[in-house]
Each structure stands twice: as C-alpha cells, then as structure tokens.
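[1] quick one, fold the following:
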Amino acid sequence: MNLYSRDFSNRFGNELTSVVAEFVSKICEAGLSVNEVLIGIEAFKHRAATAPWSVNPAEFIAMCHPTPEQIGLPSAENAYRECCAHGRWSTDHKWSHPAVFAAGRETGWFELNNRTEQQTWPLFKRNYAVICRRAVAGESFDNCIPKALPAPTSKPTEVIKAKAIIADFRNKYGLRTGNGN
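    Numbering: from 1, shown residues only. You can find the predicted model right below:
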C-alpha cells in the first residue's frame, strides 16, 4: 500500500487529504466488512502488478466483492447446475457447500425443478450473490433473503382517458385551466 500512497501523492498533491477522505467515505457508505476490505486490498495488490496504480473508490469497492471461487465456493453457474440437478432430493444430496444449498432453498426447490432457466437463473444468481456476501462477512446462511421487488412497469394512459381524469379532477376540486376556463 506504500506504493499506492506515493502514486496518490503524485497524482493529487495538495488535494490528497480531501481525496483520501472521499475515498474512505465511499468505502464506509458501501458498508463493507473488514474481511471485504482485506479482500479488496489483496485484489488491488494483484492488479498493481500489471495495471496502473490508482483506482477510484468505485473500482476498489468492486474489488472488495470477491467472486465465489475466491472464497472457496463454486461459481454461480456450477452452483445453479448443482441445485437444478439435485433439488428434487435436496436433503439426500451431499452439497458442495452449505451456501449452494442455501441459495437453492431461497430460490425455491419447486421453482428450480419446474420453471425454465430463463425464469430461475436471475433469481438464483441474486440469491447466491447475497449468500456469498454473507459467507465473506461470516454470517449465517439460515436467515431468509428478502424477496426482490419486481421491476417497475409503466403503461401510458390513453389520451382520451387521461383528459377525462383531468377534467373530473378539475371539476371535483374547482380548478381551472391555465387560460382561466
């Protein structure tokens, strides 16, 4: 990290204190655990061997979120395949890692066995990422993962219907249009 500090000094000079303060602030806002920051530092050291020294706070925060393989878990794709293949008899299977079982449980064994990959993969991937973050933080896999909210959808109102709604609103509250009518 000494080399990184020198690069920061050369790059930002008199602004160094405010830049470092912003950097630390962004890391704190991200809510990273100590383990995640240590993972980020290790990733930074590996990157420093081949890439430019400086990274911005967003890049460093991304480095703090390890891939499943970096923490000894199967890749998301392999975990998904294992859950799909063995979810029907989930209690009988010897899981590669408790995190894989937990992600399958949170996604739903019925869904994994009866819905298409297009429907279940995004949900599984999200659940597995949450479980991996819990693994890094040393948390339990037993807690349920809150369900994601669906993507907001918007359907425009037909012009005639919209005008009727606006007219009804104006009549109800005694409002006039911009031209005084």
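
[2] check what pLDDT residue 53 gets.
    On pLDDT, residue 53 comes in at 63.

[3] go on, the one 10 residues further on?
    Looking at residue 63, its pLDDT stands at 85.

[4] how far away is it from residue 44?
    Separation of residue 63 from residue 44 (CB to CB, to the nearest Å) stands at 6 Å. Using the backbone N, CA and C atoms, a C-beta is placed for each residue, glycine as well.

[5] overlap of the contact sets of the two?
    Here residue 63 and residue 44 share the contacting residues residue 55, scored by CB atoms under 8 Å, 6 or more residues apart in numbering.

[6] show me where pLDDT drops low in the protein?
    1-12, 51-54, 148-149, 178-181 (pLDDT under 70).

[7] all helices for it, in order.
    Secondary structure of the chain, counting by DSSP state H: helices at 2-12, 16-29, 34-48, 57-63, 76-86, 98-107, 109-114, 117-137, 159-173.

[8] what residues of the longest one count as buried?
    Same thing as helix 117-137. Across helix 117-137, burial judged by 16 or more other CB atoms under 10 Å covers 120-121, 123-128, 130-136.

[9] OK, contacts around residue 76?
    Taking CB under 8 Å, 6+ apart, we find residue 76 in contact with 68, 124, 125, 128, 129.

[10] and with 6 Å instead?
    125, 128 (CB atoms under 6 Å, 6 or more residues apart in numbering).

[11] and residue 153, which of the helices of the chain is closest to it?
    For residue 153, the closest of the helices of the chain is helix 117-137, at 16.3 Å, according to CB to CB.

[12] residue 80: which of the buried residues of helix 117-137 is nearest?
    Proximity of these to residue 80 (CB to CB) peaks at residue 124, which lies at 5.1 Å.

[13] which non-adjacent residue is nearest the closest one?
    Distances taken as CB to CB, 6 or more residues apart in numbering place residue 107 nearest to residue 124, at 4.5 Å, with adjacent residues excluded.

[14] tell me how far that neighbour lies from residue 18.
    Distance from residue 107 to residue 18, counting by CB to CB: 44 Å.

[15] those two - which one has more neighbours?
    residue 107 (25 against 10; other CB atoms under 10 Å).

[16] that one against residue 123, yeah?
    Yes. Using CB atoms under 6 Å as the test, residue 107 is close enough to residue 123 to be in contact (5.3 Å).
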